[in-house]
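Visitor: No sequence on hand, only this structure:
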Ligand code: GCU
């Protein structure tokens with residue numbers, strides 16, 4: 001008994017020490033703006049009304065939502081936050097250069113495809129790897145991931161194309177060294193009967209301030225234009241646009257059930273999959289990991305990162321439409337917020353995965369966003385969180401809703417246990 005008590009005390013001390021340590025590591029100002037981590041100082045706010053059209057008409061049915069309010073909101077997100085993107089290019093071409101090689105000891109058939117995003121002689125090509133369960137007798141549903149690393153760095157499989165990646169200096173180099181992003185366990189998807197596909201985001205647009213000089217957005221600058229206009233696409237929209245081009249390929253591949261593809265990404269790529277899924281409804285499911293500010297988290301809640309931080313030109317303005325920055329100091333006048341981005345996925349299944357010590361991304365702001373978006377799911381008779389009490393770390397009680405929420409114990413990451421939950425979620429809803 002005594003030793004159990006001692007252990008409890010020790011654990012408590014170490015947890016307190018850990019959280020003090022984490023608190024100490026949190027910057028108090030970013031880009032010159034204070035960062036709030038106290039629930040007492042989040043301020044009061046009123047969210048813009050999801051269920052009222054711009055002309056005042058209340059949204060009382062799924063039909064009004066789909067035909068009127070939803071397109072209105074997509075337009076606002078384009079104009080203000082992510083920027084307008086071009087339609088699919090006429091030149092789009094696919095080269096299936098690996099037509100089906102046995103992989104993972106015969107468990108999978110692997111394909112590799114180059115998607116030419118512009119002319120096939122240009123630099124703008126995106127390489128996809130796709131694994132299909134070898135035992136599949138009909139088109140398979142799959143998880144499409146967008147990644148910070150080249151697939152040959154994250155997947156243990158010989159015969160993968162060694163891609164190019166952008167290094168810290170903004171130069172394209174061979175991805176012939178391991179990456180800091182760890183390995184992907186592809187077999188867990190195959191074992192569950194799902195395919196798995198992934199793409200390196202830098203194939204579409206590099207992730208740095210001057211990325212537009214090299215990425216796909218460059219192709220769309222008008223003669224004489226050197227920067228995007230205030231309502232034109234930032235890097236996130238460009239990555240999302242690339243994901244739509246991946247879907248263009250899936251629709252042509254008879255081994256893939258393109259009507260059952262889940263899109264997953266983490267962090268800035270969590271924001272990306274939310275916007276890509278909102279814009280391109282061909283994606284049947286979205287799994288947004290730790291998407292935070294500019295993703296699922298409520299911007300009006302002053303906690304962790306805010307629009308002031310994220311849209312500062314010294315930080316991530318290049319990821320958004322330049323217009324986004326104009327709301328940095330007047331967030332309460334912005335006609336959109338995170339709950340609306342979440343609601344744009346409805347009635348399709350959406351899982352928000354967060355981390356309990358990922359304070360910068362505000363996991364509570366994501367929960368409140370899901371709560372506020374739930375009425376839209378309800379219009380379609382789909383479930384969202386029906387509580388205003390946030391689940392504790394590790395609590396899976398809200399995971400399996402059509403609009404699901406789950407917070408792991410830990411920080412800004414997708415942990416092995418999260419993948420297990422994601423697969424269960426896919427099994428239920430895909
Ligand atoms: C920064 C940024 C976040 C983003 C994250 C990431 O922390 O401020 O908004 O989500 O990078 O992409 O890892």
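Guide: That came through, no problem. All figures in this text were calculated on a predicted structure; none of them were measured in a lab.
Visitor: Near the ligand, which residues of the stretch 301-430 of the chain are found?
Guide: Residues of the stretch 301-430 of the chain lying near the ligand by Cβ under 6 Å from any ligand atom: 305, 310, 360. Where you see a C-beta, it was placed from the backbone N, CA and C, and this is true even at glycine.
Visitor: wouldn't the second one be in contact with residue 294 here?
Guide: In this case it means residue 310. Yes: Residue 310 sits in contact with residue 294 when judged by Cβ atoms under 8 Å, with a separation of 5.4 Å.
Visitor: and for these two, which residues touch both?
Guide: 316, 319-320 (Cβ atoms under 8 Å, 6 or more residues apart in numbering).
Visitor: Same question for the nearest residue to residue 342 once chain neighbours are set aside, what's its three-state structure.
Guide: Excluding the flanking residues, the one nearest residue 342 by Cβ to Cβ, 6 or more residues apart in numbering is residue 373, at 4.0 Å. What DSSP: H, G, I helix; E, B strand; the rest coil gives for residue 373 is helix.
Visitor: Provide a list of residues in contact with residue 373.
Guide: With Cβ under 8 Å, 6+ apart, residue 373 has these contacts: 50, 339-340, 342-343, 346, 384, 403.
Visitor: one more time with 6 Å
Guide: Residue 373 is in contact with 339, 342-343, counting by Cβ atoms under 6 Å, 6 or more residues apart in numbering.
Visitor: what's the pLDDT at it?
Guide: Here, the pLDDT recorded for residue 373 equals 98.
Visitor: Residue 281 now?
Guide: Reading off the model, residue 281 has pLDDT 98.
Visitor: so which helix or strand takes in it?
Guide: Using DSSP states H and E, residue 281 falls within no helix or strand.
Visitor: Neighbours of the closest residue to it other than its chain neighbours, how many?
Guide: Nearest non-adjacent residue to residue 281, counting by Cβ to Cβ, 6+ apart: residue 348, 7.3 Å away. Neighbourhood size, residue 348 [other Cβ atoms under 10 Å]: 20.
Visitor: Wait, a helix at residue 348?
Guide: No: the assignment for residue 348, made by three-state DSSP, is coil rather than a helix.
Visitor: Now do it, the pLDDT please.
Guide: 98.
Visitor: Tell me the spacing between it and residue 195.
Guide: Counting by Cβ to Cβ, to the nearest Å, the gap between residue 348 and residue 195 amounts to 19 Å.
Visitor: just the residues of the stretch 301-430 of the chain next to the ligand now: which is nearest residue 202?
Guide: Residue 202 lies nearest to residue 310 out of these, by Cβ to Cβ, at 20.0 Å.
Visitor: quick one: contacts for that closest one?
Guide: Per Cβ under 6 Å, 6+ apart, neighbours of residue 310: 293-294, 316.
Visitor: where along the stretch 201-350 of the chain do the helices fall?
Guide: In the stretch 201-350 of the chain, the segments counted as helices under DSSP state H, counting those that start in this stretch are 235-250, 268-279, 307-310, 338-343.
Visitor: how near is residue 108 to residue 285?
Guide: 21 Å.
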